[in-house]
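Engineer: For reference, the sequence and a predicted model appear below.
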2 protein chains.
Amino acid sequence: MEAARKQIALLGSTGSIGKQALEVIQAHPDRFEVYALTANNQVDVLIDQARRTLPDAVVIANETHYLRLKDALSDLPIKVYAGADAIADIVTAEPIDMVLTAMVGYAGLRPTISAIKAGKPIALANKETMVVAGEIINRLAHENRVPIIPVDSEHSAIFQCLEYHNPIEKIILTASGGPFRTWSTDQLVQATRAQALKHPNWDMGAKITVDSASMMNKGFEVIEAKWLFYLQPNQIEVLVHPQSIIHSMVQFEDGSIKAQMGLPDMKLPILYAFSYPERLQTQFPRLDFSEFATLTFEKPDFDRFRNLQLAYHAMNTGGNMPCILNAANEIAVEAFLQDKISFLGMSDLIEKTLRAVSFLPTPDYEDYVRTDAEARLFAKSIVH
Amino acid sequence: MEAARKQIALLGSTGSIGKQALEVIQAHPDRFEVYALTANNQVDVLIDQARRTLPDAVVIANETHYLRLKDALSDLPIKVYAGADAIADIVTAEPIDMVLTAMVGYAGLRPTISAIKAGKPIALANKETMVVAGEIINRLAHENRVPIIPVDSEHSAIFQCLEYHNPIEKIILTASGGPFRTWSTDQLVQATRAQALKHPNWDMGAKITVDSASMMNKGFEVIEAKWLFYLQPNQIEVLVHPQSIIHSMVQFEDGSIKAQMGLPDMKLPILYAFSYPERLQTQFPRLDFSEFATLTFEKPDFDRFRNLQLAYHAMNTGGNMPCILNAANEIAVEAFLQDKISFLGMSDLIEKTLRAVSFLPTPDYEDYVRTDAEARLFAKSIVH
C-alpha cells in the first residue's frame, strides 16, 4: 500500500518562499501534493501555478482579480475564491495535512490562527505572525496540539539541533549582516533602495530583503525565536557571520554547541518542515569546504543597526510592543521602497511609533488588531 | 527518593582521559560514583586516586606493583588486584553501570570485550579497540544489546548530531592538523620527539600526541567511525580545521550538515558519555566567538601525511589489516619516542609491516591476537 501523500496548503504561493515550496513539492510527487494555493495580487503567476499543479482550490486575496482568475481556470476542476475571509476559510479544509504560511507581513496572522484552530500543523515562513502575536499563537497551538515547524533558515537550524530531553542554554542566531554590514553611519545615510535590495547571500522578496539590510529581519527573528523555543530574551544572541554557512546554533547546558550548516538555499528548510521528522534524499548542491575555507564571525553593531536595538527593546517590553514594531516597520519599508524616507529614516519612524502608540501589557487578539491599525495610522501620518 | 548514582569503572585512570574522567565524576557526586580504577604502571597516582575516591576495587596491570599498592591501601576497605586477567575480570562486577575504556593501545581490547560480554555499557576512549577488531566489537555489542558511546571528541560530536530516523550521507571528521600541519616533507624529515609532543590545541598523553602529529590518530578515527556508525569508507571524509572548534560534522541525505562545536576540552565528551541521553549543567568555560572569529578549513595532505593514506588503505582492505596497522604503529611510536627511528621513518615501518604480515580476510579473536603478535615481532625486527 502506498503511503498517503501529504496535502499542503501554500499561503503566499507566488512569493519567493511559495515558489520554492512548489519546486520542493514537485520534486517529491510521491510524498507531497498541493491542496490549495493562495496569493495576494499576482494573479497571472497564480493561474500558471494552478494550471501546473491542479490544486483543489485557489484563493486570490485581492478581490478585483477574482473574475480573471475564475475565467482562466474555468476548464479545470479547481475551486476559485477571493478575499481574506476565503483564505482564513480554505486552511480549515478537512484534507489539508499542513499549512505553509509564506505570505508577507501582518496578513499572515489571521489565516495562521484559523489553521491552528482547525488543528493543521503549520510550516511557519511568516515570521511577522510570531512577532505580532507569539503569545496567542503559542497558546492556541498548545490547546490544539498543533506543531509549528519553522521555515526560516535560522529557526529551522535551531529546530534541527534541538534535543528532546535537554534544555537550551542559549541560541546563537547568525546574521549575514546584509549588504551594509561594513558601511559607516555616514554611508548608511545615503543608502539607496537599489543598494538595499542587493542581498549578498540570499535571493528573497523585497520586504524581507530591505528588512535584512536594516537588520530588522534579525530583530524579528530574535522575537520569533523567543516564542518558538520558549526562551528568555537573555538566551538569544545575534552573531554576524557574513558567509551564511552556519545557519544558527544551539548551546546546551553542558556548554556543547550544535550548529546546522549548508549552502544558503531555502528549499532545504522548506523540505525539512514538510518531511519532519524524516529527511528526504535531495539533489541539492552539497556544501564544499574548499569553496568556503574561511568562516568568520563578528558582534552585531547595535549603533549602526538601530532596528536591532528597537527589536530587543520591543521584546523586552513585551505586550503589544512587538506588534507596534512590526506595523511601523511595514509602513517604514513601504515608504523607503517608494523613496519617501531614507534608509536610516526607517529606524526614526519606528522609534517614534513605538513611543506614540498606547502600550498594552496583556493584549488579546482584538487588541492586536487595534494596535496594528493604530500603529500604521500613526506611522503613515509622520511619513507624509 | 534519590536516583541511584551511576557506578563507573575507569580503565586507565592514571592517563589523561582517566584523570579528566575523575574530575567529571567528582564534579557530579550526586550522579556518578567510581566503582573501580585500573592503571598500567603509575602506582603512586593510582594510590592517590584510590584514597581520594574510595572505589570498591583497584587493579594495577603491572604485577610488580601489587604489594606496594596493597600496602598503601591496607587501611581502607578497597579490594586490590593485579594483572591483565584481573582487569578483564573486574569490569564484569555486578554493580558496574558503565565502563570507561581509557587505556592506551591494544591493551584495551580484552577488557572491552569482557565488559561487553557482561552487558556493561561502554564509554569508548580507547580507539585502538575499534581499529583492531571493530567487527567483533560490533557483533558482541549487538548480541549483548550494549551501547557503545564514543568519548573521542570527533566521534562524540558525530554521536551528538545523529538523528534516530535519518541515515547519514557522510561524516566529516575534523583534524587540527597537529604541530606539523604546515611543514614541508623536507622539514618533516627533521621533526624531533619534542616537536611532535607539542600539540597546538589538545593536552593529551604521549602516544596519542605523536599519533596526532603523524595523523595516524585521524586515520584510526576514520576506521573507528566506520564501525561506530556503520559507514562505508567513502562516507568518511577528513577535513583539516586548525582551530579545533568544530569537533566534527554529519551530513544527512537532504544535504543538511550538523556540527558539534566548543572549546577543545575532553571533559565535555566524557561527561556526555556518562550522562547520555541527558546533558548535565556544567561550569566549563563557554566558547566565545570573539576569541574564535575565524574558522578555517583545508584538505588533508595525504602525501605529506602518509599514515592517513595507510589507514585508508587498511580500512579499504579490511580483515586483519587495521590490526596490523595498529600493532606496527604502536612499535613505530615507541621507537620514535626512544629516538630509534625518525618521524617519517614511522610510516616506512608501518608500510613494510602491512606488506609483510599475512593477510586474513575474516579473522576471529584468536586471529587478531596472533596478527598483533606477528606484526609487533616483525616491526620490532626491522627497527633494530
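Structural biologist: Alright, I've got the coordinates. Residues are numbered from 1 along each chain as shown, chains lettered A, B, ... in the order given.
Engineer: any low-confidence regions in chain A?
Structural biologist: Scanning chain A for pLDDT under 70 picks out A:1-3.
Engineer: any idea where the strands of chain A begin and end?
Structural biologist: Along chain A, counting by DSSP state E, strands occupy A:6-11, A:32-39, A:57-60, A:79-82, A:98-101, A:122-124, A:148-150, A:168-175, A:236-240, A:246-252, A:257-261, A:294-296.
Engineer: Format the ones you listed as JSON lines; extra columns: distance to chain B and mean neighbour count.
Structural biologist: (Glycine included, C-beta is placed from N, CA and C.) Formatted as JSON lines, the strands of chain A follow (distance: least, CB to the nearest CB, whole Å; neighbours: other CB atoms under 10 Å in any protein chain shown):
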{"stretch": "strand A:6-11", "distance to chain B": "16", "mean neighbour count": "26"}
{"stretch": "strand A:32-39", "distance to chain B": "14", "mean neighbour count": "25"}
{"stretch": "strand A:57-60", "distance to chain B": "29", "mean neighbour count": "26"}
{"stretch": "strand A:79-82", "distance to chain B": "33", "mean neighbour count": "19"}
{"stretch": "strand A:98-101", "distance to chain B": "17", "mean neighbour count": "26"}
{"stretch": "strand A:122-124", "distance to chain B": "15", "mean neighbour count": "27"}
{"stretch": "strand A:148-150", "distance to chain B": "14", "mean neighbour count": "23"}
{"stretch": "strand A:168-175", "distance to chain B": "8", "mean neighbour count": "22"}
{"stretch": "strand A:236-240", "distance to chain B": "6", "mean neighbour count": "20"}
{"stretch": "strand A:246-252", "distance to chain B": "5", "mean neighbour count": "25"}
{"stretch": "strand A:257-261", "distance to chain B": "4", "mean neighbour count": "25"}
{"stretch": "strand A:294-296", "distance to chain B": "5", "mean neighbour count": "16"}
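Engineer: Can you lay out these as TSV showing distance to B:Pro242?
Structural biologist: Below are those laid out as TSV (distance: least, CB to CB, whole Å):
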stretch	distance to B:Pro242
strand A:6-11	44
strand A:32-39	43
strand A:57-60	54
strand A:79-82	59
strand A:98-101	42
strand A:122-124	39
strand A:148-150	33
strand A:168-175	21
strand A:236-240	21
strand A:246-252	17
strand A:257-261	18
strand A:294-296	11
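Engineer: What are the contacting residues of the longest helix along chain A?
Structural biologist: Assignment by DSSP state H gives helix A:365-383 as the longest helix of chain A. For helix A:365-383, contacts defined as CB atoms under 8 Å, 6 or more residues apart in numbering or on different chains pick out A:106, A:109, A:113, A:132-133, A:136, A:320, A:323-324, A:326-328, A:330-332, A:335, A:340-341, A:349-350, A:352-353, A:356-358, A:360, A:363.
Engineer: So which of those would count as near chain B as well?
Structural biologist: Among the contacts of helix A:365-383, none lies close to chain B by the criterion of CB under 8 Å from any CB of the partner chain.
Engineer: Could you list which of these belong to helices?
Structural biologist: A:109, A:113, A:132-133, A:136, A:323-324, A:326-328, A:330-332, A:335, A:349-350, A:352-353, A:356.
Engineer: List buried residues within those.
Structural biologist: A:109, A:113, A:132-133, A:136, A:323-324, A:326-328, A:330-332, A:335, A:349-350, A:353 (16 or more other CB atoms under 10 Å in any protein chain shown).
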